[in-house]
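Enquirer: Sharing a model that was predicted from the sequence below.
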Amino acid sequence: MKRKFLYGFSLLFLFLTGISCTSSPSQDYLDEYEVQKMIEDAIRQNNEKLEFTQWKIVNISAKKADWVWNEDIGRYEAIYDLPELTEFIYENGAALGYVFIGTQGVDEVQKLLPFVHTYSETDGEGSTITYTETISCDFQYGSPSTVAFFIQASDLFRADDYLADYNFRIVLIW
């Protein structure tokens, strides 16, 4: 009987001690709501000063007639104004170029520039000719800012018959 009494008294003592420790609010601890509010306020205040990432997409169609052969370098060039390329983007952002290969809605793919592809062809005499074609671009900040696209074969050979219309995509990120 004494054991049950001591056991019961011990449980009652622990229960009362626990209640007394938690029943009075302490100024030393924050509850979950207060901590969450402090974090949200800090994020909100920080984001007021933070510039979020922005981007602009510019699509350019280079027609077959736009390509100009540069004899000195052995490549085709097409240059377009790109007023969207500001000094801030040029110095602090990124400019990415893509070319679309294939037929839109059928087998079209978007390739990051430079795009390099190797061709193997048979000439009229049965000889195999292998060459690599590179499509690339350059960005120049100025007045006006420009983007230049290039097509260059590894043999530096001029082949006007192989020129085609190309669709390019420029992505400016800042």
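Expert: Ah, there it is.
Enquirer: And the strands in this protein, which stretches?
Expert: 55-62, 68-70, 75-81, 94-101, 109-112, 115-122, 128-140, 146-153, 166-173 (DSSP state E).
Enquirer: could these be laid out in CSV, adding distance to residue 159 and mean pLDDT?
Expert: No exception for glycine: its C-beta is placed from N, CA and C like everyone else's. Converted to CSV, the strands of the chain look like this (distance: least, Cβ to Cβ, whole Å; pLDDT from 0 to 100):
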stretch, distance to residue 159, mean pLDDT
strand 55-62, 16, 97
strand 68-70, 10, 98
strand 75-81, 9, 98
strand 94-101, 18, 97
strand 109-112, 20, 97
strand 115-122, 11, 93
strand 128-140, 9, 95
strand 146-153, 7, 98
strand 166-173, 15, 98
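Enquirer: Columns mean neighbour count on top of the ones you listed, output as TSV?
Expert: Supplementary listing: those in TSV, determined by neighbours: other Cβ atoms under 10 Å:
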stretch	mean neighbour count
strand 55-62	14
strand 68-70	12
strand 75-81	17
strand 94-101	18
strand 109-112	12
strand 115-122	11
strand 128-140	15
strand 146-153	19
strand 166-173	18
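Enquirer: Distance to residue 43 added to the ones you listed, as CSV?
Expert: Shown next, in CSV, are the strands of the chain (distance: least, Cβ to Cβ, whole Å):
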stretch, distance to residue 43
strand 55-62, 23
strand 68-70, 53
strand 75-81, 41
strand 94-101, 26
strand 109-112, 34
strand 115-122, 41
strand 128-140, 35
strand 146-153, 38
strand 166-173, 23
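Enquirer: closest one to residue 88 among the ones you listed?
Expert: Minimum separation from residue 88 across those (Cβ to Cβ) falls at strand 166-173, 10.3 Å.
Enquirer: So which elements touch the closest one?
Expert: Where contact means 3 or more Cβ pairs under 8 Å, 6 or more residues apart in numbering; DSSP states H and E, strand 166-173 is packed against strand 55-62, strand 94-101, strand 128-140, strand 146-153.
Enquirer: how about 7 Å then?
Expert: In this structure, strand 166-173 packs against strand 55-62, strand 94-101, with contacts taken as 3 or more Cβ pairs under 7 Å, 6 or more residues apart in numbering; DSSP states H and E.
Enquirer: Distance from stretch 143-155 to the middle of the chain?
Expert: For stretch 143-155, the gap between its own C-alpha mean and the chain's C-alpha mean amounts to 22 Å (Cα atoms, centre = their mean, to the nearest Å).
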